[in-house]
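S.K.: with the sequence up front, the predicted model follows.
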Amino acid sequence: MSSAQKNIIIDIGSDFYLKVTHRNPDRTPINLSGCSAVSRIRENYDSPIAICDIDITITPATGVVEFRIPNNVTSTIERTKLNNYVWDYKLTDSLGYVKAILFGNTMARGNASGEDES
């Protein structure tokens, strides 16, 4: 598996969801038994503090990794920082080998239908 760029869009105040399926070259799912994952959004790759952690669920037998950020977390993203975020996803296999899988820019879109802020 090589790293790939995947830019994401987060609607402020809405639930974020992304599903990734890891596959072998023959398109069969990669078994992710014993794997763990981490994914975060930061202002830039050198930022020591994450804007938020992304919740991850792994279904090992199917090679599926699901990413979620609940709306109570997306609603805390600063609106003055639109388009200034980055994210990545790293997978650790059962032997402890860490591999960067995805990386990219994160765009946070405003919440036009949300409640007024006073």
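M.R.: Done, it's in.

S.K.: mind listing what's buried in the top strand by length along the chain?
M.R.: If you go by DSSP state E, the chain has its longest strand at strand 98-109. By neighbour count on 16 or more other CB atoms under 10 Å, the buried set for strand 98-109 is 101-103, 106, 108-109. The C-beta positions use only the backbone N, C-alpha and C, and glycine is treated the same way.

S.K.: that strand packs against which elements?
M.R.: Contacts defined by 3 or more CB pairs under 8 Å, 6 or more residues apart in numbering; DSSP states H and E place strand 98-109 against strand 4-5, strand 8-11, strand 85-92.

S.K.: among those, which is nearest Thr76?
M.R.: strand 8-11 (11.2 Å; CB to CB).

S.K.: contact partners for the residue nearest to Ser3 when sequence neighbours are not counted?
M.R.: Of all residues beyond its chain neighbours, the one nearest Ser3 is Ala100 (4.7 Å), with distances taken as CB to CB, 6 or more residues apart in numbering. By CB atoms under 8 Å, 6 or more residues apart in numbering, the contact set of Ala100 is 3, 88-90.

S.K.: got a pLDDT number for Ala100?
M.R.: Confidence at Ala100, expressed as pLDDT, is 95.

S.K.: who does it form a beta bridge with?
M.R.: Bridge pairing for Ala100 (DSSP bridges) gives the partners Lys90.

S.K.: quick one on the thing from earlier: least confident pick among the contacts of Ala100?
M.R.: For the contacts of Ala100, the least confident entry is Ser3, with 89.

S.K.: surely that residue meets Phe103?
M.R.: Yes. Counting by CB atoms under 8 Å, Ser3 touches Phe103, with 6.2 Å between them.

S.K.: between these two, which contacts overlap?
M.R.: Common neighbours of Ser3 and Phe103, counting by CB under 8 Å, 6+ apart, are absent.

S.K.: and the helices in this structure?
M.R.: 71-74 (DSSP state H).

S.K.: got any ranges where it has weak pLDDT?
M.R.: Regions of the chain meeting the criterion pLDDT under 70 cover residues 1-2, 79-83, 111-118.

S.K.: sounds good, over and out.
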